[in-house]
Structures are given as structure tokens and as C-alpha cells.
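K.L.:
this one's structure only:
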């Protein structure tokens with residue numbers, strides 16, 4: 001949300017729709033920082049001023065002190081009033097809207113750090129290609145692959161951070177709010193107090209569950225349909241280079257509709273799932289074989305190694 005506000009402010013300052021490609025990367029201490037490529041020429045002072053002036057207010061109820069500790073009985077669901085109630089008094093907990101209305105100041109104000117480094121790069125140069133490769137490598141990386149604890153001190157720091165994330169709400173609908181005596185948004189009988197499935201609470205993400213790669217809609221000038229067609233054409237060309245030609249099926253005369261419940265002509269769901277899995281495995285094997293063929297045989301010459 002803070003990064004989105006930064007781009008919004010930057011566009012307002014420069015007066016045009018700034019396009020970007022960016023990745024969020026965690027540092028060794030697990031604090032996130034942003035790498036972004038911006039299209040166009042923007043003064044460095046402007047970038048620093050916009051960064052210093054950008055902030056994001058989180059208007060949430062106070063969640064510094066827990067109301068229900070691990071040793072206490074937790075709130076229970078009351079199906080009659082469709083809300084969680086106190087386990088002792090049986091009084092309903094405040095709703096999310098009621099708790100927010102009682103807030104006088106934001107629970108947290110997010111700001112950027114003081115380190116801002118910007119550099120002008122000309123398109124088509126070797127330096128541009130190197131930086132683009134640096135950005136795009138995070139397309140396939142998970143947070144756990146980027147943040148690796150190499151020392152006991154880092155491991156202990158990550159463990160403390162994960163323990164704190166277990167009792168920190170991640171959204172208005174987070175079940176952790178029940179530990180602070182607040183009914184989260186959308187709570188129901190299946191909600192377990194203090195247990196949220198959100199990725200923000202996981203040990204692998206360490207509080208970085210959101211979009212790792214951020215791309216503006218007009219960065220490439222193409223729609224999602226165009227990108228799908230490009231990916232399909234690239235895979236088809238890669239397979240054709242090794243003699244694998246996929247037949248093209250004409251679907252222009254077909255009509256698509258959802259299967260009605262009880263349709264006797266519909267195949268069993270288990271058959272559809274197994275067919276989809278088998279098809280994906282076959283596609284992956286064909287593509288891997290094409291990539292291996294394109295890479296060529298490995299260089300195992302002992303002469304060059306000795307030299």
C-alpha cells in the first residue's frame with residue numbers, strides 16, 4: 001500500500017502516467033526494500049522528495065496488548081447473534097466497524113527509509129540489460145529463497161519476527177483480532193480465534209506476503225490477452241525447434257457453457273482432474289526436453305579444464 005501511494009504521488013508531481021516495473025526484496029534483516037525501473041526522465045531530487053513525503057496510515061484498532069492470552073479461554077462463536085462472544089460474560093465482542101470508530105489515531109504509519117538511490121539508464125545498453133535481469137530474477141523466487149539465515153543470530157532474529165507475526169493481525173478479516181477482543185470482518189462459525197491462514201503469518205514469508213513483482217498496466221503496452229498469446233507463441237516455437245509440433249484446434253465453432261448439476265453427459269470430476277494433471281505433466285516434459293535440446297550438450301572437455 002505504501003508503494004502504491006508512492007507511485008500515485010510521483011504521477012501527481014511529474015504530471016504524467018509514470019510506468020514502472022519493480023520487485024520487493026527482503027534484506028538480510030528481513031526488512032523489505034524496493035527495486036524499480038521507471039520509464040522516462042525524472043530528476044533525482046524529485047524522487048527523493050516524493051519518497052520523503054510519502055506515508056501510509058493504517059487505521060486499525062489498537063493491537064498492542066492482547067485481551068485473551070494463551071492460558072485464557074478464547075472467544076466462542078454464538079450462532080444466534082452470528083458473532084463471537086466473551087467466554088465468561090457471554091457478551092458479544094465489538095464488531096470491526098465499532099472498533100475502528102473508537103480509534104482516534106492510526107495504529108501505524110508506514111514510511112520509507114532514508115536511503116534512496118536513483119540512477120539514469122539508457123535503454124538498449126548493456127547496463128540496462130543487466131539491471132532488467134536483476135529485477136526479473138525475482139519472478140521465480142520465493143521469500144524463503146531470498147532470505148536465508150546463515151548465522152545463529154539471523155536465525156534467532158527470524159524466529160522472533162515469526163513469533164511476533166503469529167499475534168499480529170494481517171487484515172481486517174484476520175482471526176488474530178479475536179485475541180484482542182474484536183470481531184474481525186466476515187467472521188463465521190469456522191473462524192478459529194488466533195489462527196489465520198494468511199501468508200503474512202508464515203515462517204517462509206516473514207511478513208512479506210503481498211505482490212513481490214509490481215508492474216504497471218501500461219508498461220508493455222499489451223493486454224493480458226496479448227501476453228498470453230506471446231507466451232503461447234514462444235512455447236510453440238521452442239517445441240517446434242526440436243520437432244514437437246502441437247496441433248492447432250479450431251474452436252471457433254464451439255460454444256462454452258458451465259456444466260449443470262446432475263448433467264448425465266458430464267464426465268466424473270475425478271476423471272477431469274486426472275486428465276488435467278496428466279496433460280500438465282506431458283506439457284512440462286515436452287518443454288523441458290526442448291530447453292535441454294536448445295542448450296546443447298554439456299562441455300565435458302578435460303583438455304580445456306586442464307588448460
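P.N.:
Yes, it's here. Just so you know, these numbers come straight off a predicted model, no measurement behind them.

K.L.:
Give me the contacts around stretch 238-254.
P.N.:
Counting by CB atoms under 8 Å, 6 or more residues apart in numbering, stretch 238-254 makes contact with 236, 286, 287, 289, 290, 291, 293, 294, all of which sit outside it. C-beta here means a position set from N, CA and C on the backbone, and glycine is covered the same way.

K.L.:
for the record, mean pLDDT for that stretch?
P.N.:
When pLDDT is averaged along stretch 238-254, the result is 83.

K.L.:
for stretch 36-49, same thing?
P.N.:
Predicted confidence along stretch 36-49 averages 91 (mean pLDDT).

K.L.:
Next up, the contacts around residue 262.
P.N.:
With the criterion set at CB under 8 Å, 6+ apart, residue 262 makes contact with nothing.

K.L.:
Tell me the spacing between it and residue 20.
P.N.:
Spatial separation of residue 262 from residue 20 under the definition CB to CB, to the nearest Å is 50 Å.

K.L.:
partners of residue 78 in the sheet?
P.N.:
Beta bridges link residue 78 to residue 83 when assigned by DSSP bridges.

K.L.:
re the thing from before, among the contacts of stretch 238-254, which ones are in helices?
P.N.:
The members of those that map onto helices under DSSP state H are 236, 286, 287, 289, 290, 291, 293, 294.

K.L.:
Where does pLDDT dip in the stretch 51-200 of the chain?
P.N.:
138-146 (pLDDT under 70).

K.L.:
Helices along that one, start to end?
P.N.:
96-101, 126-136, 143-146, 152-166 (DSSP state H, counting those that start in this stretch).

K.L.:
in which helix or strand would I find residue 275?
P.N.:
helix 269-295 (DSSP states H and E).

K.L.:
mind listing what residue 203 touches?
P.N.:
With contacts taken as CB under 8 Å, 6+ apart, residue 203 has the following neighbours: 158, 162.

K.L.:
That one: helix or strand, and which one exactly?
P.N.:
Here residue 203 is assigned to no helix or strand, by DSSP H and E.

K.L.:
Drop anything exposed from the ones in helices among the contacts of stretch 238-254.
P.N.:
A residue is treated as buried here by neighbour count (16 or more other CB atoms under 10 Å); on that basis the buried members of these are 286, 290.

K.L.:
which one of the ones in helices among the contacts of stretch 238-254 is nearest residue 11?
P.N.:
residue 236 (37.8 Å; CB to CB).

K.L.:
Against residue 275, how distant is the closest one?
P.N.:
Distance, residue 236 to residue 275, by CB to CB: 22 Å.

K.L.:
which of the residues in the helix holding residue 275 are buried?
P.N.:
If you call a residue buried by 16+ other CB under 10 Å, then helix 269-295 has these buried ones: 286, 290.

K.L.:
Do you have the strands of the protein handy? List them.
P.N.:
If DSSP state E is used as the criterion, the strands of the chain fall at 20-26, 32-38, 55-58, 76-78, 83-85, 108-111, 213-215.

K.L.:
of the ones you listed, which approaches residue 170 most closely?
P.N.:
Each of those was checked against residue 170 via CB to CB, and the shortest separation belongs to strand 55-58, namely 11.3 Å.

K.L.:
quick one: buried residues of the closest one?
P.N.:
Of the residues in strand 55-58, those buried under the neighbour-count criterion (16+ other CB under 10 Å) are residue 56.

K.L.:
what's it in contact with?
P.N.:
Defining contact as CB under 8 Å, 6+ apart, one finds that strand 55-58 is touched by 1, 2, 5, 106, 107, 108, 109, 110, 111.
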